[in-house]
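> Sequence first, then the predicted structure:
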2 protein chains.
Amino acid sequence: MPDLDDLNHRILRVLLRDGRSTYAEIGNEVGLSVSAAKRRVDRLVRDGAIRGFTAVVEPQAMGWDIEAVVQLYTNGTVPFETMRRDLEHVTEIVEAFTVAGAADAMVRVVAGDVPHLERVISRLRGLSYVQQTDTTMLLSVLVRRPNVPQTAP
Amino acid sequence: MPDLDDLNHRILRVLLRDGRSTYAEIGNEVGLSVSAAKRRVDRLVRDGAIRGFTAVVEPQAMGWDIEAVVQLYTNGTVPFETMRRDLEHVTEIVEAFTVAGAADAMVRVVAGDVPHLERVISRLRGLSYVQQTDTTMLLSVLVRRPNVPQTAP
DNA sequence: GTTGAAATGACCCCCTA
DNA sequence: TAGGGGGTCATTTCAAC
């Protein structure tokens, strides 16, 4: 994934702010014609810089009332791809990373209620290479933004 | 935030999959006319179930190459709103929660490089009520999905 | 439904490797 | 001179009333 020129950064910023911006709006903001703006956006999608477009949905609105972060301690020999595939199948996982620290992976889970969360944790503990889990329940949201800041690094 | 009927859940699922779905597409999927679909979507936005629409951008594409989770240990007396406001101002924070566990808050940070991350951590440690921080660097993404599962709880 | 706005694709121009 | 952008215009599709 190459870093991109300033024009593309500005286009991405517009689309982070509003994923349904029209090409005319994007073009106005960054100084391009409608079709040039569309070409750029199509290209960003094709190259994978834009993974897609989505609604930002309040989890409670869909009956997801519990969020937790589960840290996984593994036997250390599990192949990355095996773990990725296993976690992918757990639909309650919205994000998962390998990490540098005490644990080996960190997983963010949403669940409908506490028993549901318990089932998800059981399932994670049932993975043969998972030796231990450490669950932190999330209480209140302090900040929630698009997963990329709107400022420049 | 009320839980919603099945039709709204299905609409949300369509918009999670593609935030730029047209009202005609939504209507087809869930069995509504174009204008009924629009009414529903407008209502979901107005009621806050849909917070907005955004592009899902690969952080590296914008020069954000480092991700970390920072746990904050506080003096325990800081008002929620004070902490929320302080963290809100740190643009490198993409998510922050109060948590039940050893730490008091968990913050997800993106940064351009390691020195940048270090500056962000310094800034967090500089908050008067933050007594200690514990940083976990994220290495690889195993799973990254819209922040709500597409299945029913 | 009708009417205006947006998206899309065809076509040509310019610059540069 | 081929390829990557960019602009303009005509057509189709969508949104809004």
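In hand now; what should we look at?
> Domain map for chain A?
A:6-46, A:59-138 (automatic domain parsing).
> Looking at those domains, which is nearest to DNA strand C?
domain A:6-46 (3.3 Å; Cβ to the nearest atom of the strand). The C-beta positions use only the backbone N, C-alpha and C, and glycine is treated the same way.
> State whether A:Val69 is indeed within a helix.
No - per DSSP: H, G, I helix; E, B strand; the rest coil, A:Val69 lies outside any helix segment and is strand.
> can you tell me which residues contact it?
Going by Cβ atoms under 8 Å, 6 or more residues apart in numbering or on different chains, A:Val69 touches A:Met106, A:Val107, A:Arg108, A:Val109, A:Thr135, A:Thr136, A:Leu138, B:Val69, B:Val99, B:Met106.
> Bridge partners for it, pull those for me.
A:Arg108, A:Thr136 (DSSP bridges).
> gap between it and A:Leu127?
A:Val69 sits 17 Å away from A:Leu127, going by Cβ to Cβ, to the nearest Å.
> Pull the number of nearby residues for A:Val78.
Burial of A:Val78, expressed as a neighbour count using other Cβ atoms under 10 Å in any protein chain shown, amounts to 17.
> repeat for the one 5 residues further on
Each residue near A:Met83 was counted by other Cβ under 10 Å, and the total is 22.
> So it versus chain B, what's the distance?
A:Met83 sits 6 Å away from chain B, going by Cβ to the nearest Cβ, to the nearest Å.
> Now that residue. Nearest residue, chain neighbours left out?
B:Leu142 (6.3 Å; Cβ to Cβ, 6 or more residues apart in numbering or on different chains).
> Surely that neighbour touches A:Glu81?
No - in this structure B:Leu142 lies outside contact range of A:Glu81 using Cβ atoms under 8 Å: 9.6 Å.
> residues touching the residue lying closest to A:Asn75 once chain neighbours are set aside, list them.
Using Cβ to Cβ, 6+ apart and skipping the chain neighbours, the partner closest in space to A:Asn75 is A:Tyr129 (4.9 Å). Contact analysis of A:Tyr129 by Cβ under 8 Å, 6+ apart lists A:Thr74, A:Asn75, A:Thr77, A:Val78, A:Thr82, A:Met83.
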